[in-house]
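Novice: sequence and predicted structure, then a few things I'm wondering about:
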Amino acid sequence: MLVHSMKSGRLGVNILVCGIVVATLLLAPSYSFGLVGADEPGLVGNHQTYAAQDNHATFNSPPTYKFSYGIKYVGNFTVGDGPEGMAYDPLNHYMYVANHFGSNVTIMNGTKIVTSVNVGNQPESICFDSSNGYMYVANSASGNVSLINNFTVVHTINNLSSPSFDTYDPANGYVYVDDYTDNNVTVLNGTGFAGNISVKGSPYSSVYDPSNNMIYVAGWGNGNITLINGMVAVGNIILGSNNGPCGGAYDPLNGYLYFGSDGTNNISVISGARLLQNVSIGTNYAFPSFDQADGLIWTADYYGNNVTIIDNSTVVGSFVVPKSSYPNGAAFDPYDGYMYVADRGADNVTIFSTPTVASFRESGLPTGTAWTVVLNGSSQSTSNTSMKFAVTVGSWTYTTSTPIYGTAGVRYATSSSGSVTAGMTLVSIPVHYTTQYLLTVDPAPHGSGNVTSWSTPWFNSSSVVQIRAVPNPGYRFSYWVGSGTGNYTGNNATANLTMSSPVLEIAYFSGFSYTVSFEEVGLAPGTSWSVTAGGVHEKSTGTFIYFEEGNGTGSYLVSNVTGYTVSPSSGVITVSGSSVTVVINFGSTNPLIGISGIATSQAFLEILVLILSVALVYSVMEGKRRPRKGLR
């Protein structure tokens with residue numbers, strides 16, 4: 001049992017790390033697939049069972065999963081005794097299959113067997129070194145590594161203990177060989193040794209992560225992953241319930257690493273230096289690999305004789321491998337678009353063709369925000385971060401939903417369209433949404449001035465925007481008052497602000513003022529009178545009432561004064577760059593008041609006093625003239 005899972009594990013890793021170059025990012029759970037027999041036109045529905053023929057298979061899947069296009073079964077091909085590790089050579093487009101019990105390597109060109117090459121005893125895994133073009137074959141029983149160039153063993157590296165898996169690091173050009181019995185990793189540089197690195201547990205498989213240039217080594221028996229940077233072990237990841245990691249794969253779409261299990265029925269999903277989750281797949285001894293055509297993780301289920309498909313961290317389907325016995329890994333051939341599954345117990349390789357996928361992955365949207373892509377007329381919408389379309393070889397055009405509006409004053413924008421060219425491998429298209437904020441700028445009062453305007457008031461987050469206020473004739477700029485993170489508040493007419501949120505800016509202007517004088521004529525001194533102009537009421541006991549007004553036209557109203565008529569009692573005033581005086585005439589309605597139209601209460605009193613005085617004097621004089629009765 002230990003040997004089986006050990007071999008299978010190395011397989012999954014070889015596929016991803018040794019010789020397959022993938023670029024970009026994207027992925028989506030809206031993808032759907034089905035398994036199609038060699039002569040079947042397609043598959044519709046769930047749990048489709050084919051006719052009882054050797055070259056057909058049964059597809060099992062969750063009942064909620066929809067199949068709209070298929071994974072096609074190409075055929076089974078006998079290779080050698082106990083095929084395990086596989087690796088693709090991008091220089092000659094051949095697939096190399098390590099036959100564990102046959103102690104040789106079968107070389108395939110698509111579906112054809114080209115030749116076989118004898119290597120060391122019990123080869124278990126293969127990886128491709130792109131720096132020298134060699135295939136490195138780890139021979140566990142003979143304790144050495146065979147280097148193959150095309151069809152020839154050109155060198156053998158000896159003095160290893162039990163090499164069980166090897167992985168190439170393109171960042172430094174080293175090949176890392178897992179020594180299962182020595183609990184260390186031997187590092188090879190070309191045809192020589194670079195050193196040894198101690199790891200935790202028995203190294204069972206390893207994976208290269210191009211996002212951080214780290215080697216992840218699965219430690220069988222103690223449930224952890226050792227992280228190696230160059231020649232140094234820099235950390236460990238505990239896998240929890242997965243005590244026997246024995247195979248691995250890297251998914252360039254999401255940057256996750258997947259490690260199989262030896263007896264714990266799950267797949268461990270890792271991001272960077274942390275365990276994201278353990279995904280249950282319901283079978284022991286599972287060995288993951290990445291399919292570059294459909295962007296999915298294929299998990300060879302050793303005892304289940306099937307393949308479980310994982311998208312991101314969700315099991316989306318599974319199918320029985322025809323003529324299979326102990327499948328223990330898979331590898332992708334990007335030249336022919338084939339996925340190879342090694343059947344250790346059946347001594348053959350099962351080949352499938354998979355649909356090529358255009359994979360869109362968004363970034364920048366808040367979690368749960370819906371977005372849409374239309375690819376050549378076919379539309380998909382999702383609130384997840386990715387989606388996939390099945391495509392054929394050729395050029396495709398697409399559009400994206402943009403802008404997408406969020407909370408008030410916030411939206412998200414991206415390029416609205418593009419084109420992709422599809423071949424035999426998946427096409428990944430990043431869709432990045434940029435957060436934009438609304439900038440609102442207004443003058444106050446209305447009509448007092450002009451403020452900066454733009455073709456669009458939406459600006460990218462953190463962008464610096466210049467605002468400017470220009471007064472209209474008769475006004476001068478006073479100050480800005482802003483609200484929102486990054487706003488400007490101050491008295492500079494031209495200023496910069498940073499768009500860190502929706503921003504509102506108000507430019508305040510004040511008009512130049514001129515004196516409007518109202519002069520009364522005809523009121524008795526000290527008489528109170530009043531005028532209302534521009535909505536303001538003023539009163540006085542003096543000759544003048546003053547208002548300060550800006551340029552423009554307005555009305556006025558003079559209040560009535562008891563005992564007087566007023567003219568004009570109301571009217572319109574126009575101010576145009578200078579002061580204005582309005583004369584208000586009051587006429588007395590009392591005939592005793594007013595001389596020459598001028599009412600003088602003081603003069604009236606003086607006359608009254610004079611009349612009374614004259615009357616008094618006259619009365620006294622008359623009294624002196626009259627004789628007294630008593631003297632006659």
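Specialist: The structure has been received and is ready for your questions.
Novice: burial count for residue 208?
Specialist: Around residue 208 there are 24 other residues, counting by other C-beta atoms under 10 Å. Every residue, glycine included, has its C-beta placed from N, CA and C.
Novice: now swap in residue 106 and tell me
Specialist: Residue 106 is surrounded by 22 other residues when neighbours are defined as other C-beta under 10 Å.
Novice: and residue 350, by the same measure?
Specialist: Residue 350, neighbours per other C-beta under 10 Å, totals 23.
Novice: what's the helix or strand for it?
Specialist: Remark: residue 350 resides in strand 348-353, with elements defined by DSSP states H and E.
Novice: which other helices and strands contact the following helix or strand past that strand?
Specialist: Beyond strand 348-353 on the C-terminal side, the first helix or strand identified by DSSP H and E is strand 356-363. Secondary structure elements in contact with strand 356-363, counted by 3 or more C-beta pairs under 8 Å, 6 or more residues apart in numbering; DSSP states H and E, are strand 371-375, strand 386-391, strand 394-400, strand 417-422, strand 427-432.
Novice: and with 10 Å instead?
Specialist: Contact partners of strand 356-363 among helices and strands, from 3 or more C-beta pairs under 10 Å, 6 or more residues apart in numbering; DSSP states H and E: strand 371-375, strand 378-382, strand 386-391, strand 394-400, strand 417-422, strand 427-432.
Novice: deepest of these, which one?
Specialist: Each of those was given a mean neighbour count from mean count of other C-beta atoms under 10 Å, and the largest, a mean of 24, is that of strand 386-391.
Novice: partner strands of it, with direction?
Specialist: Strand 386-391 sits in its sheet next to strand 356-363 (antiparallel), going by DSSP bridges.
Novice: next one: the partner strand to chain centre, how far?
Specialist: From the chain centre to the centre of strand 356-363 is a distance of 14 Å (C-alpha atoms, centre = their mean, to the nearest Å).
Novice: between that strand and strand 427-432, how many degrees?
Specialist: Orientation check (axes from the mean of the first three to the mean of the last three C-alpha atoms, to 10 degrees): strand 356-363 against strand 427-432 gives 20 degrees.
Novice: and what about residue 615, helix, strand or coil?
Specialist: For residue 615, the assignment made with DSSP: H, G, I helix; E, B strand; the rest coil gives helix.
Novice: that one: neighbour count?
Specialist: Other residues lying near residue 615 total 10 when counted by other C-beta under 10 Å.
Novice: tell me the spacing between it and residue 445.
Specialist: Separation of residue 615 from residue 445 (C-beta to C-beta, to the nearest Å) stands at 67 Å.
Novice: neighbouring strands - and their directions - for the helix or strand containing residue 467?
Specialist: Residue 467 belongs to strand 464-471 when assigned by DSSP H and E. According to DSSP bridges, strand 464-471 has the following sheet partners: strand 449-451 (antiparallel), strand 494-498 (antiparallel).
Novice: so after it, what's the next helix or strand?
Specialist: Counting by DSSP H and E, the next helix or strand C-terminal to strand 464-471 is strand 475-483.
Novice: next one: phi and psi at the most centrally placed residue in the chain?
Specialist: Taking C-alpha atoms, centre = their mean, the centroid of the chain lies closest to residue 364, which sits 1.0 Å from it. When read as degrees, to the nearest 10, the backbone of residue 364 gives phi 100, psi -20.
Novice: mind putting the helices and strands packed on strand 356-363 into JSON lines with distance to residue 475 and mean pLDDT?
Specialist: Listed next are the helices and strands packed on strand 356-363 as JSON lines, based on distance: least, C-beta to C-beta, whole Å; pLDDT from 0 to 100:
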{"stretch": "strand 371-375", "distance to residue 475": "47", "mean pLDDT": "96"}
{"stretch": "strand 378-382", "distance to residue 475": "51", "mean pLDDT": "94"}
{"stretch": "strand 386-391", "distance to residue 475": "55", "mean pLDDT": "87"}
{"stretch": "strand 394-400", "distance to residue 475": "46", "mean pLDDT": "92"}
{"stretch": "strand 417-422", "distance to residue 475": "46", "mean pLDDT": "89"}
{"stretch": "strand 427-432", "distance to residue 475": "45", "mean pLDDT": "92"}
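Novice: just checking, what packs against the longest strand belonging to the chain?
Specialist: In the chain, assigned by DSSP state E, the strand with the most residues is strand 434-444. Contact analysis of strand 434-444 by 3+ C-beta pairs under 10 Å, 6+ apart lists strand 410-413, strand 449-451, strand 458-460, strand 464-471, strand 475-483, strand 503-511 as its packing neighbours.
Novice: let's have the ones you listed in a markdown table, adding distance to residue 173, mean neighbour count and mean pLDDT.
Specialist: What follows is these, written out as a markdown table (distance: least, C-beta to C-beta, whole Å; neighbours: other C-beta atoms under 10 Å; pLDDT from 0 to 100):
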| stretch | distance to residue 173 | mean neighbour count | mean pLDDT |
| --- | --- | --- | --- |
| strand 410-413 | 42 | 18 | 98 |
| strand 449-451 | 61 | 18 | 94 |
| strand 458-460 | 41 | 16 | 97 |
| strand 464-471 | 45 | 17 | 96 |
| strand 475-483 | 56 | 17 | 94 |
| strand 503-511 | 52 | 20 | 94 |
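Novice: I appreciate the help and will end here.
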